[in-house]
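1. How does the following fold in three dimensions:
(2 chains)
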Protein chains: 2
Amino acid sequence: MRSSPTTSAGLLTDRYELTMLSAWVADGTAEHPAVFEAFARRLPVGRRYGLVGGTGRLIELVADFRFDADEVAWLEAEGVVDGRTAAYLRDFRFTGDVDGFREGEVYFPHSPILTVTGTLGECVVLETLVLSVLNHDTAVASAAARMVTAAQGRPLVEMGSRRTHEQAAVAAARAAYVAGFASTSNLAAGRQYGVPTVGTAAHAFTLAYPTEAAAFRSQVAAQGVGTTLLVDTYDIAEGIRTAVEVAGPGLGAVRIDSGDLADEARRARAQLDSLGATATRILVTSDLDEHLIAELAEAPVDGYGVGTRVVTGSGHPTANLVYKLVAVGDEPGGPLRPVTKRSPDKLSVGGRKATRRRYDAGLLVEETFAIDETTEDTVEVALMRAGAVVHSPTLDDVRAHAVASLASLPPEAHRLDDGPAHVVATGVSVP
Amino acid sequence: MRSSPTTSAGLLTDRYELTMLSAWVADGTAEHPAVFEAFARRLPVGRRYGLVGGTGRLIELVADFRFDADEVAWLEAEGVVDGRTAAYLRDFRFTGDVDGFREGEVYFPHSPILTVTGTLGECVVLETLVLSVLNHDTAVASAAARMVTAAQGRPLVEMGSRRTHEQAAVAAARAAYVAGFASTSNLAAGRQYGVPTVGTAAHAFTLAYPTEAAAFRSQVAAQGVGTTLLVDTYDIAEGIRTAVEVAGPGLGAVRIDSGDLADEARRARAQLDSLGATATRILVTSDLDEHLIAELAEAPVDGYGVGTRVVTGSGHPTANLVYKLVAVGDEPGGPLRPVTKRSPDKLSVGGRKATRRRYDAGLLVEETFAIDETTEDTVEVALMRAGAVVHSPTLDDVRAHAVASLASLPPEAHRLDDGPAHVVATGVSVP
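-> Numbering: from 1, shown residues only, chains lettered A, B, ... in the order given. So this is what the prediction gives:
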């Protein structure tokens, strides 16, 4: 059996989208042209930038967005949609265009990360899926990017699968890799997305043997001396002594998962060196986040395993992106008029935007958007045309783009303490 | 196409489980008997209790836990497992027993929520899946329960799908319903789990028409006057006036999604009453959590829509449950010895536990666990026997159990401010 519920992407949708669609199918509005944008009104409190995650995953889901016949029958039986809307859903294919920021691009408040153009009907039913994918993956990528900065080149392993929903875990591993993590513990992310996987052993492994030495002997027999031995099940100093005794000074690495990690790493380094295991690496884990990683910069640590805090966005588990109608026509194929709601605490700007950036000595100093139709020099790229994906970078391309985009931020924007968004996109020309 | 990646549950696993398994298959330890327990060392900071979520979803996944032939081939090609372990995985079925707290049960630090008994090999590969499902669903259910308390009988709608991973959203809707939410916006949760679904309209609906009145007319034409009209796209007072003008005083409800919700609800009630719409209900949404819901207790609100904060666990997106080996044998079918790691900051108690509770006037006053084999009067129930599910309550049964379990807590435990766990399970007899 498949691990995942056999649900079409179409049902991963809030009911109100189909409520709206029913009215629009009934009066013909469903065929009017529309533009929706996904953007953040503000970044999570204290964050200076965000990193776009999930775009690649999203556009594949949009290209295959369907409602199965039995799902449509259920929707009709439940009174969610009437017969005419049911017919609309049975034939549903997204046939519009999608433009947006590249995955791995830094973004700021009001940056129009994704722009969806099509009929009102086909754009509105994508709302929940667009936001679910982008809000989750972007939250993880944004947190992961700060951890990568804090690690100053030391490798990070994503190992938070157990702290989040079992399918979210796979997407989180992918998003952390995009942001610069070296690898993941999640096997599905390895198989589905090609993210490098790593794995050592848990305390249960050692506890299953009469002695720690017996456990280490078994692991080395199966994995070779290059393996990573978890040395803190009973006593770290004793564990390290036993580890080197069993594996020899060629032991790959030791992992420490408890205690004051800086102190323990220093003690472990001295002990390993005194035992001749000068090339044995020290990996630390245990509720790390970007701040704790930064505090360990001076400790002799060779790599970090990060779990809970990266998959839950380090305090901000959602990116708070919204998906808003910004332009609409009043007849099929008709001209678009910009629209926006007026609620004073939720301001947004109507009209389809094109985003441009100004750099000084390679560093990003300004982001502006204009309500225009030209696409010259814009941050946005074409992602889908007439319902087909037209942007398919490899995951390593996306990761390389993230490196470049993060490098365009000045040191100030990479600070981990709370601060304002590095730039806030501003409108410059509204025709 | 299916919306979900075609991955077997087996791959939703951390690589280290298969690293350990490889060593255990090689030296025969994989067939030794073992007991693992899932529990929380502590509750999220300030929480006085937790509510178990996800158990029903989990045991169905465990019963069907497999590795596909092509996945096993990939694991072998990647060097994750050797040939012998690959053969073990190809035939893998969980054949052990699972006991645990009922879904919808309140729990505390050290409560052994789930106990998995079998061979070391079959127990260890379940670790990530067990924790992913329970940590996510329990985090949502625990937050949702506090919101239900705060709402004092007013209905709550879960509408956070857009703020979390698209599959996590379905599980979150289910968990919130277990904890007492009335309904969800998520259609997949309606179809897969029978959670009642509701839906109104977004601001985009109104913006798509030349006037608010035209939008309301279209919605009422499609949905009838019992529908819920979103009245804050332009101006709330004007929106309400137009809504009643279009639908008449029999209008079902208005939704307000911005502004000071208490003030707006009071103004809206007075206006609706003055227009003769005395039975028209007022629904409020907009970043609600349990504290804001409690603050609205005196306002004339008829229902709450909760999004971000419920699906992200209201500040605690994971329950921090761990899955630990507590007893193991040294030969197949051999006697069990209790085990525990010694790290001072991560204390756990070895041995298989049975949990009992003492009540005073119907209120829970004590939770104790004993290391014994009897199952009399224990909180735990049998969930799986020899790999088969033996506990299949309906979701409404689970929900009813949550009501009863929450009612066993005194008012002190239901306080929303930070406080200590209501009780902490203590060991009473260790043979």
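2. Which residue lies closest in space to the residue nearest the centre of chain A, excluding its sequence neighbours?
-> Nearest to the geometric centre of chain A sits A:Asp137, at 2.5 Å (C-alpha atoms, centre = their mean). Excluding its sequence neighbours, the residue lying closest to A:Asp137 (C-beta to C-beta, 6 or more residues apart in numbering or on different chains) is A:Gly54, at 2.8 Å. No exception for glycine: its C-beta is placed from N, CA and C like everyone else's.
3. Same question for A:Ile371.
-> Leaving out its chain neighbours, the residue that sits closest to A:Ile371 by C-beta to C-beta, 6+ apart is A:Gly351, at 3.8 Å.
4. Just to check, that neighbour is in contact with A:Val328?
-> No - using C-beta atoms under 8 Å, A:Gly351 is not in contact with A:Val328, being 10.7 Å away.
5. on that earlier part again, residues touching the residue nearest to the centre of chain A, list them.
-> A:53-54, A:57, A:171-172, A:174-175 (C-beta atoms under 8 Å, 6 or more residues apart in numbering or on different chains).
6. separation between it and B:Leu336?
-> 43 Å (C-beta to C-beta, to the nearest Å).
7. Over to A:Ala26?
-> 66 Å.
8. How about A:Thr233?
-> Distance from A:Thr233 to B:Leu336, by C-beta to C-beta: 18 Å.
9. What of A:Val423?
-> Relative to B:Leu336, and taking C-beta to C-beta, A:Val423 is found at 61 Å.
10. Between the two, which is the more surrounded one?
-> A:Val423 (22 against 18; other C-beta atoms under 10 Å in any protein chain shown).
11. Am I right that that one is in contact with A:Tyr107?
-> No - A:Val423 is beyond contact range of A:Tyr107, at 10.1 Å (criterion: C-beta under 8 Å).
12. Any stretches of the stretch 251-400 of chain A with poor pLDDT?
-> Within the stretch 251-400 of chain A, the segments meeting pLDDT under 70 span A:342-348.
13. where do the strands sit along it?
-> A:253-256, A:281-284, A:303-306, A:321-329, A:336-338, A:354-360, A:363-370, A:381-385, A:388-389 (DSSP state E, counting those that start in this stretch).
14. Please state the offset of the longest helix seen in chain A from the chain centre?
-> Counting residues, the longest helix found in chain A (DSSP state H) is helix A:127-151. Relative to its chain's centre, helix A:127-151 lies at 3 Å (C-alpha atoms, centre = their mean, to the nearest Å).
15. Report the buried residues of that helix.
-> A:127-151 (16 or more other C-beta atoms under 10 Å in any protein chain shown).
16. so it versus strand A:321-329, what angle?
-> Angle between the axes of helix A:127-151 and strand A:321-329 is 140 degrees (criterion: axes from the mean of the first three to the mean of the last three C-alpha atoms, to 10 degrees).
17. any idea which helix or strand comes after helix A:127-151?
-> Next helix or strand after helix A:127-151 toward the C-terminus (DSSP states H and E): strand A:156-158.
18. Report all helices and strands that the helix or strand just after that following strand contacts.
-> Moving toward the C-terminus from strand A:156-158, the next helix or strand (DSSP H and E) is helix A:168-178. Here helix A:168-178 touches helix A:127-151, strand A:156-158, strand A:183-184, helix A:187-193, helix A:308-311, helix A:395-407, helix B:127-151, going by 3 or more C-beta pairs under 8 Å, 6 or more residues apart in numbering or on different chains; DSSP states H and E.
19. what helices or strands is the shortest one leaning on?
-> Under the contact criterion of 3+ C-beta pairs under 8 Å, 6+ apart, strand A:183-184 touches strand A:156-158, helix A:168-178.
20. from the chain's centre, how far out does the first one sit?
-> Put plainly, it is strand A:156-158. Distance, centroid of strand A:156-158 to centroid of chain: 14 Å (C-alpha atoms, centre = their mean).
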